[in-house]
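Peer 1: Got a sequence here, can you model it:
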Amino acid sequence: MLKRKDVVFKRHAQARRYIARVDSEGQIVLTLPKGGTQRDALSFANNHYEWLVDEKRKALLQRKEKGRLFAGDQIWFRGERHPLDVVRDWGRPVLRFADQSMLIADAEMDLARPLGQHLRGLAKKEFPVRTRYFADRHGVKFSRVAVRDQRTRWGSCSATGTISLNWRLIMTPPETSDYIIIHELMHTEEMNHSHRFWRLVSEACPDYKRHEDWLGRHQNELAWG
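Peer 2: Reported below is the predicted structural model:
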């Protein structure tokens, strides 16, 4: 059920009744008529709880589709959903999620840009190491790893052996990002998607279809930034 901290109260002298709505930022706003009380407004809102929660979910999803994130929103990180929490540390705003923390310029800012930079940094640090591990494990060679902001694909492999990986893979389960790395490494052996290629993939990652399914189900939730 909704509590006072979950809503914003606004009093309007011309209002004749209690009004509950969800604004474009996903905030539940309760309008109080003259003489109305916060207690009665909250009771009114809770009588429409399911509708308000559904509208809030839709508003937050639309905001994410526009690439904006704010404190209280949730993101995927290493295959799990985590809320974005902004706290003060010696007066400076700090963004925290999962086991990560980072200084930000303003507690009220759009967090998508600094958060994206932080996650890209993690991807650039971790993905080359994982790529080298799987290349050695499966006896294949590549020239280098590039972490990119790819909008239409999770990864690619060039004719010269460059493995390009989407930084957003850092938000997926580790075994799913590993699958994409394996997928692209197998392209160093077979550049197309022939039967031979998929045989190589299935031998290196037998449950690859499970990872393809996860990416298909959650790709829109990873598209911010």
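Peer 1: Name the SS class of the residue of the chain positioned farthest from its centre, please.
Peer 2: Here the centre of the chain is the reference, and by C-alpha atoms, centre = their mean the most remote residue is residue 35, at 42.8 Å. With DSSP: H, G, I helix; E, B strand; the rest coil as the basis, residue 35 sits in coil.
Peer 1: what sits against it?
Peer 2: Applying C-beta atoms under 8 Å, 6 or more residues apart in numbering, we find residue 35 in contact with no residue. Backbone N, C-alpha and C define where each C-beta goes, glycine included.
Peer 1: neighbours of residue 147, just the number please.
Peer 2: For residue 147, the count of nearby residues is 22 (other C-beta atoms under 10 Å).
Peer 1: For it, give me the pLDDT.
Peer 2: We note a pLDDT of 97 for residue 147 in this prediction.
Peer 1: For my notes, confirm it occurs in a helix.
Peer 2: No - judged by three-state DSSP, residue 147 forms no part of a helix; its state is strand.
Peer 1: From residue 70, how far off is it?
Peer 2: With the distance defined as C-beta to C-beta, to the nearest Å, residue 147 ends up 26 Å from residue 70.
Peer 1: Next: residue 220.
Peer 2: Distance of residue 220 to residue 70, given as C-beta to C-beta: 19 Å.
Peer 1: Just the mean pLDDT for the lengthiest helix in the chain, thanks.
Peer 2: Ranked by residue count and defined by DSSP state H, the top helix of the chain is helix 112-138. Helix 112-138 shows a mean pLDDT of 97.
Peer 1: Also stretch 217-225?
Peer 2: For stretch 217-225, mean pLDDT is 86.
Peer 1: what does it rub up against?
Peer 2: Counting by C-beta under 8 Å, 6+ apart, 64-65, 67-69, 75-76, 112-113, 115-116, 119, 149, 168, 171-172 sit against stretch 217-225.
Peer 1: cutoff 10 Å now
Peer 2: Stretch 217-225 is contacted by residues 61, 63-69, 73-76, 79, 81, 111-113, 115-117, 119-120, 149, 151, 154, 166-173, 176, 215 when judged by C-beta atoms under 10 Å, 6 or more residues apart in numbering.
Peer 1: Past the lowest-mean-pLDDT helix or strand in the chain, which element shows up next along the chain?
Peer 2: Using mean pLDDT, DSSP states H and E, helix 49-65 stands out as the lowest-scoring helix or strand of the chain, at a mean of 75. For helix 49-65, the following helix or strand on the C-terminal side (DSSP states H and E) is strand 74-77.
Peer 1: And the helix or strand following that next one, what's buried?
Peer 2: Downstream of strand 74-77, the next assigned helix or strand under DSSP H and E is strand 80-83. Neighbour counts over strand 80-83 (16 or more other C-beta atoms under 10 Å) mark residue 82 as buried.
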